[in-house]
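[1] The sequence isn't on hand, but the structure is:
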């Protein structure tokens, strides 16, 4: 359950609203009992779990987060909440230190982002930052591309890096201020992968390389 994940990750929850027959979550704040049918009316899902909670969203300092990170994923103007949630889930599993969203990206508190992240939203520091700020923190920017740059099998993934993925419709602009372009090596005829899939592939390859160093 996502509320239990938030509690385990140390987020501050002030109140929880519980439908009849549903157990409250320890540590998730004061319990308020809902009347029958209320959870279904206020939830944005078709099959709600019958419990809602109010959480104080942490606002980590972007400069401090980027200064401490050695492996960052940057979502540049990403629009789809499902994609961002999947990226968060994959990034957390691959040991990424932080997620940076450029201005204009989907809100990381969007309920669909939180659900798609399967709890990773609570565990991976997520900040808003321009590409220039990420680079200024000393991270080497690797721009994801469907058609140019070196194969992800040949790129140097060690050191302090930031993998930059562009929007679903336009990708990264050719003039994006990245240090190197990287593309996923393909065996089949498909020209490109969904952005969340592409980030997942590269994050796990980077994890394997970094562990061997």
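    Structure's in. What do you need? Note that the coordinates shown come from a computational prediction; the quantities given were computed from them, not determined experimentally.
[2] Which residues outside the longest helix along the chain are in contact with it?
    For the chain, the helix with the greatest residue count under DSSP state H is helix 195-212. Contacts of helix 195-212 with the rest of the structure, by C-beta atoms under 8 Å, 6 or more residues apart in numbering, involve 71, 73, 78, 82-84, 86-87, 90-91, 93-96, 144, 152-153, 157-158, 161, 163, 165-168, 182, 184, 192-193. In short, each C-beta sits where N, CA and C put it, glycine included.
[3] Only the buried residues of it, if you could.
    195, 196, 198, 199, 200, 201, 202, 203, 205, 206, 207, 210 (16 or more other C-beta atoms under 10 Å).
[4] pLDDT at the second one, what is it?
    When you say that, I think you mean residue 196. pLDDT for residue 196: 95.
[5] Over to the last one?
    Per-residue confidence (pLDDT) for residue 210: 95.
[6] Quick check: phi and psi on the residue most central in space within the chain?
    Centroid-nearest residue in the chain: residue 88, 2.6 Å away (criterion: C-alpha atoms, centre = their mean). With angles defined as degrees, to the nearest 10, residue 88 sits at phi -60, psi -40.
[7] what's the distance between it and residue 38?
    Computed as C-beta to C-beta, to the nearest Å, the residue 88 to residue 38 distance reads 30 Å.
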